[in-house]
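Student: I need the structure of the sequence given here:
(chains A, B, C and D)
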2 protein chains.
Amino acid sequence: MSLVFRKAISLFRVMGTSYCASNRPPQATACNGSGMSKSNNVYKDAYNRCLRLLDETRSLPSEPELGTLLGVSRTTVRTILARMEETGLIAWNKRAKTVLREPRPDDFFPEEETDTLAEIIERSFMRRLLAGGAEAGMQINELELAREIGVGTTSVREFLIRFSRFGLIEKRRNSHWVLKGFTRAFALELTEIREMFELRSAAAFAALPQDSAVWADLDRLEDEHRQLASEIAKRFNEFSELDERLHRLIHRASHNRFIVDFYDVIAMIFHYHYQWNKAQERERNEVAIGEHLVYIEALKSRDLGKVDAACRKHLKSARQTLLTSIPESRSPQKS
Amino acid sequence: MSLVFRKAISLFRVMGTSYCASNRPPQATACNGSGMSKSNNVYKDAYNRCLRLLDETRSLPSEPELGTLLGVSRTTVRTILARMEETGLIAWNKRAKTVLREPRPDDFFPEEETDTLAEIIERSFMRRLLAGGAEAGMQINELELAREIGVGTTSVREFLIRFSRFGLIEKRRNSHWVLKGFTRAFALELTEIREMFELRSAAAFAALPQDSAVWADLDRLEDEHRQLASEIAKRFNEFSELDERLHRLIHRASHNRFIVDFYDVIAMIFHYHYQWNKAQERERNEVAIGEHLVYIEALKSRDLGKVDAACRKHLKSARQTLLTSIPESRSPQKS
DNA sequence: ATAATGTCTTTTATCGTGAAAAAACAGTTT
DNA sequence: AAACTGTTTTTTCACGATAAAAGACATTAT
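Tutor: Have a look, this model is predicted:
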């Protein structure tokens, strides 16, 4: 029973997709097993973002300001500045941080090194889950997962705990995790809640006072939808980002943390779903944009009947899209 | 800002309620800081439960059978048997496990040693939260919490991650946790979802076929409610357990994992709420039992209108009870 | 042959440790 | 004096290690 999932994992390793394997010189990777405590991805990511900032100005702002701009502490800012001085990008003397040259492509840290451990683990895990061969009822082995991904067990455990709220896995008391599977039942349960929550949020949205800031946000989103619709042929893959922004805006109107937080589950599922199911992507997104525009019009009209109808219609087709992408599961899980 | 919560923690330590402090000889506790990896609470708890089994029989069943009975592995069963032989409770030779004497009170391991680390941490944390002085916006310090409770940081981190789904705390990206507070807003958001979910579950329940096993469960619960009602004066504190069982039974009828799982949030809140707010406990529970009986009747009638009315009525008074027990917060949290 | 016991291996739970990153403190500069 | 820079302390994050507990395998008894 657990064998199948184990097989999938082994297969995965052979494929060379593991974080610490292949397509990089082995001795050059950070994954050398020896007492590595914590990767400096926060620094590397902020450094890359700071490089992009360099293009625009002749000199950088103060350290605290840079900190808030990049979303990191001043300690990290100083590490970045030190490196930029070293590589001749800036001249740094106390408050003076003058830009000396434009950043080159090789100034950037490679993308893979800027990811959080949590992201790395999530990606690996989801790839296994969606790659097929992962059936409901299968056991999940923390140690094996950690070894395969090339990270410590603690990180994997924490990931699984966080991930458990998505309802796809479940823990057996002082024992292993059990995979519940990305099944039809899961999709139906997920969409049931989604519909309940979004219908309520949309009604709350429509009832918001005219001077609320959300109406401006909605107008902006409407514009972006129209632009995307006009260039749908080349930009159809930009829809998923727009989709999330619109739905999150609506959910926020509920003023209920449980509703807002639940959108994380939906976002996660749709994120991987978009990556995975590319069939008729353009057509699907085109339809969805149309539905969104109707939905937005309905919200702006503040007519609860219209809002309800537009919301129902869009959610129904979203559910349909999700359902058709799920292969029929063979083995029904036993309690 | 974070000072207040820190003060609360220090106070807590002075009170001597910390797991590793006072009312036990310091040198005898398991908390001696040196390389202790894992407590054997699973064994101790199963041992105690096994002792109670001893009263009823002249000899114990096979090892695998005992394992399923106690919910532990055979490894643990054998450790238990070994100890029971050592203390002269049984004679153990292969399949023969004859009971030699009745267990005495001092055969049992002390209660505190049978708790999970997660339970210990949760209790300490909730005590702080409800003890007052813990206001919204306060920082939560993993290291400090771990030190005060006398456990490792890893366990505290895992607890906080699990606990975060209750919506009372929130993580700042690569930084500390923030307390959102057990406020009026929290209670309202919680009960809003609860009402949505339970109304739907109750309707699903009433629509269940006559031959479903739930009807027998419901009859049993009705009996227990009547018994409790007749002895309410002395047994009023047993209501909370019954309450949870009834609501869980109803929620399960939704066949939706998100609805079922959400009851964990409600159960947690009500568990601590019951412990904390003892004002008019008898009266409140008496009223609730009455409402439950009406609710049960409505479900049995399978009349959706009646079900809806009974459910609404009970949930409304449950919300009221919760709300009155929350002290009005002074400082509104900033975004 | 089935189901138990006896033994060995693997996995989970928890800790201490150390580097990365944040935060606090102290001293400067405008 | 307000805002910045320089320095030090704390806290978070992630790891390897180890005992408890689970699980697998081998052996024996009914």
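Student: Nearest residue to A:A279 in space, please, no chain neighbours.
Tutor: A:S325 (7.7 Å; Cβ to Cβ, 6 or more residues apart in numbering or on different chains). For the C-beta atoms, the positions are set from N, CA and C on the backbone; glycine is no exception.
Student: tell me the contacts of the one you found?
Tutor: By Cβ atoms under 8 Å, 6 or more residues apart in numbering or on different chains, A:S325 lies in contact with A:H273, A:W276, A:N277, A:A279.
Student: and if you look at A:K171?
Tutor: A:L160, A:S164, A:W177, A:V178.
Student: What is the neighbour count of A:Y43?
Tutor: A:Y43: 19 surrounding residues under other Cβ atoms under 10 Å in any protein chain shown.
Student: again with A:S230
Tutor: 9.
Student: residue boundaries of the strands in the stretch 101-250 of chain A?
Tutor: According to DSSP state E, counting those that start in this stretch, the stretch 101-250 of chain A carries its strands in the segments A:139-140, A:169-171, A:177-179.
Student: Would you convert those strands into a markdown table that also reports distance to A:Q320 and mean pLDDT?
Tutor: Output for the strands of the stretch 101-250 of chain A, formatted as a markdown table (distance: least, Cβ to Cβ, whole Å; pLDDT from 0 to 100):
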| stretch | distance to A:Q320 | mean pLDDT |
| --- | --- | --- |
| strand A:139-140 | 30 | 96 |
| strand A:169-171 | 26 | 97 |
| strand A:177-179 | 25 | 97 |
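Student: For chain A, what lies in contact range of chain B?
Tutor: Counting by Cβ under 8 Å from any Cβ of the partner chain, the residues of chain A close to chain B are A:42, A:71, A:154, A:157-158, A:161-162, A:165, A:167, A:173-174, A:180, A:186, A:189-190, A:192-193, A:196, A:200, A:255-259, A:261-262, A:265.
Student: Narrow those residues to those in helices?
Tutor: A:42, A:154, A:157-158, A:161-162, A:186, A:189-190, A:192-193, A:196, A:200, A:257-259, A:261-262, A:265 (DSSP state H).
Student: returning to that earlier point: what would the strands of the stretch 101-250 of chain A look like in CSV with distance to DNA strand C?
Tutor: What follows is those, written out as CSV (distance: least, Cβ to the nearest atom of the strand, whole Å):
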stretch, distance to DNA strand C
strand A:139-140, 7
strand A:169-171, 7
strand A:177-179, 7
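Student: closest to A:S124 out of those?
Tutor: A:S124 sits nearest to strand A:139-140 of all the strands of the stretch 101-250 of chain A, at 12.3 Å, using Cβ to Cβ.
Student: Tell me if that closest one is near DNA strand D.
Tutor: No. Figure legend: strand A:139-140 not in contact with DNA strand D (Cβ under 7 Å from any atom of the strand); closest approach 7.9 Å.
Student: Can you select the buried ones from the contacts of A:S325 in ChimeraX?
Tutor: To isolate the buried ones among the contacts of A:S325 in ChimeraX, judged by 16 or more other Cβ atoms under 10 Å in any protein chain shown, type:
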select /A:273,277
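Student: Can you pull out the low-pLDDT segments for chain A?
Tutor: A:1-35, A:328-335 (pLDDT under 70).
Student: which residues in it form helices?
Tutor: Counting by DSSP H, the helices of chain A are A:2-14, A:41-54, A:63-70, A:74-86, A:117-130, A:142-149, A:153-163, A:184-206, A:214-230, A:232-235, A:239-252, A:257-276, A:281-301, A:304-324.
Student: Using TSV, lay out these together with distance to B:H251.
Tutor: Formatted as TSV, those follow (distance: least, Cβ to Cβ, whole Å):
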stretch	distance to B:H251
helix A:2-14	30
helix A:41-54	41
helix A:63-70	44
helix A:74-86	46
helix A:117-130	27
helix A:142-149	30
helix A:153-163	23
helix A:184-206	13
helix A:214-230	33
helix A:232-235	43
helix A:239-252	23
helix A:257-276	15
helix A:281-301	31
helix A:304-324	22
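Student: list the buried ones in stretch A:148-164?
Tutor: Neighbour count says stretch A:148-164 has A:148-151, A:155-164 buried, by 16+ other Cβ under 10 Å.
Student: Of those, which are in range of DNA strand D?
Tutor: The subset of those within reach of DNA strand D, by Cβ under 7 Å from any atom of the strand, is A:V151, A:S155, A:E158.
Student: mind checking how far the residue lying farthest from the centre of chain A is from A:S59?
Tutor: In chain A, the greatest distance from the average C-alpha position (Cα atoms, centre = their mean) is reached by A:N93, at 38.9 Å. Applying Cβ to Cβ, to the nearest Å, the value for A:N93 to A:S59 is 11 Å.
Student: of all of the stretch 1-150 of chain A, which residue lies closest to chain B?
Tutor: A:V42 (5.9 Å; Cβ to the nearest Cβ).
Student: That residue against A:L117, yeah?
Tutor: No. Look at A:V42 against A:L117 with Cβ atoms under 8 Å: they stay out of range, at 11.0 Å.
Student: Look through chain A and state the residue closest to DNA strand D.
Tutor: A:G152 (2.6 Å; Cβ to the nearest atom of the strand).
Student: phi, psi of that residue?
Tutor: The phi and psi values for A:G152, taken as degrees, to the nearest 10, are phi -80, psi 160.
Student: re the thing from before, now the ones next to DNA strand D among the buried residues of stretch A:148-164 in TSV, with distance to A:R226?
Tutor: Formatted as TSV, these follow (distance: Cβ to Cβ, whole Å):
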residue	distance to A:R226
A:V151	44
A:S155	43
A:E158	42
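Student: Contact partners for A:R257?
Tutor: Shown in contact with A:R257 (Cβ under 8 Å, 6+ apart): B:G167, B:K180, B:F186, B:E189.
Student: count of neighbours near A:H225?
Tutor: 21.
Student: now it: how far from A:P61?
Tutor: 35 Å.
Student: Which positions in the stretch 1-150 of chain A make contact with DNA strand D?
Tutor: A:2, A:33-39, A:62-65, A:74-75, A:78, A:94-95, A:97, A:116-118.
Student: and those, which are buried?
Tutor: A:S39, A:E63, A:K97, A:L117.
Student: and the two most separated of these?
Tutor: Across those (Cβ to Cβ), the longest gap, 31.0 Å, separates A:K97 and A:L117.
Student: Touching, A:I250 and A:R200? I think so.
Tutor: No. Between A:I250 and A:R200 there is no contact under Cβ under 8 Å: 10.1 Å.
Student: So for these two, which sits in the more crowded spot?
Tutor: A:I250 (25 against 19).
Student: mind giving me the domain split of chain A?
Tutor: Segmentation of chain A into domains, based on automatic domain parsing, reads A:2-27+A:116-179, A:42-111, A:184-324.
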